[in-house]
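Undergrad: Got a predicted structure here, sequence first:
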Amino acid sequence: MSSVIKIFGLIIIIVIVTLLSLEYQKKIVINNDLVESVKGTQTKVIYDSIKLGKLRVDNTLELDEEAVLKNWKESFSANSDLNVNYQIKIVAININPPMIAVSVNASSSRSLSKNKLISNYDNVIIFDR
């Protein structure tokens with residue numbers, strides 16, 4: 001009888017540890033996805049939004065602000081996870097020299113605990129010659 005109780009206790013402990021490790025892994029995945037999505041999106045957007053005519057004629061780097069906002073939304077939606085809710089705040093867009101600063105918050109309510117999984121990431125990219 002006591003060996004059966006030990007086995008059931010061991011099984012319960014293994015299940016609890018497994019569930020907690022899955023929760024921690026989900027947090028790591030959300031954080032990594034957020035960082036990679038923001039970095040990839042910002043790099044692509046800054047290259048796509050440079051005014052090539054201004055670069056060829058005046059040899060200066062400038063951003064098209066409207067293109068930045070449009071490209072950011074499209075690129076981030078293509079790179080991001082559909083199971084996570086994002087709040088994107090574009091902190092600054094500098095036209096010359098080209099710079100984009102963003103703050104992104106990611107949250108997911110799909111967790112085993114009652115708490116939401118939340119991750120924050122701030123990033124600045126400055127394009128200089």
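TA: It's in. Quick caveat: nothing in here was measured; it's all calculated off a predicted structure.

Undergrad: Report the separation between the nearest residue to Asn120 once chain neighbours are set aside and Asn94.
TA: Distances taken as C-beta to C-beta, 6 or more residues apart in numbering put Asn105 closest to Asn120, at 5.2 Å, once the chain neighbours are dropped. (Each C-beta comes from the backbone N, C-alpha and C, glycine too.) Using C-beta to C-beta, to the nearest Å, Asn105 is found at 22 Å from Asn94.

Undergrad: if we can go back for a sec, does the residue nearest to Asn120 have beta-bridge partners, and which?
TA: Beta bridges link Asn105 to Gln87, Asn120, judged by DSSP bridges.

Undergrad: Next one: the residue nearest to the spatial centre of the chain, what pLDDT does it get?
TA: Central residue of the chain (C-alpha atoms, centre = their mean): Leu34, 1.7 Å from the mean position. On pLDDT, Leu34 comes in at 82.

Undergrad: contacting residues for it?
TA: Residues in contact with Leu34, defined by C-beta atoms under 8 Å, 6 or more residues apart in numbering, are Val84, Tyr86, Val104, Ala106, Ser119, Tyr121.

Undergrad: Let's see if you can find the most crowded of those residues.
TA: Using other C-beta atoms under 10 Å as the neighbour test, the contacts of Leu34 are led by Ala106, with 23 neighbours.

Undergrad: Tell me which stretches of this structure form helices.
TA: Assigned by DSSP state H, the helices in the chain fall at 2-48, 52-58, 65-79.

Undergrad: how about low-confidence regions in the protein?
TA: Within the chain, the ranges that satisfy pLDDT under 70 run 1, 110-116, 127-129.

Undergrad: Now Leu69: closest residue in space that isn't a chain neighbour?
TA: Computed as C-beta to C-beta, 6+ apart, the closest residue to Leu69 that is not its neighbour in sequence is Ile90, at 7.2 Å.

Undergrad: and that neighbour, how far is that from Pro98?
TA: Ile90 is 14 Å from Pro98, where distance means C-beta to C-beta.
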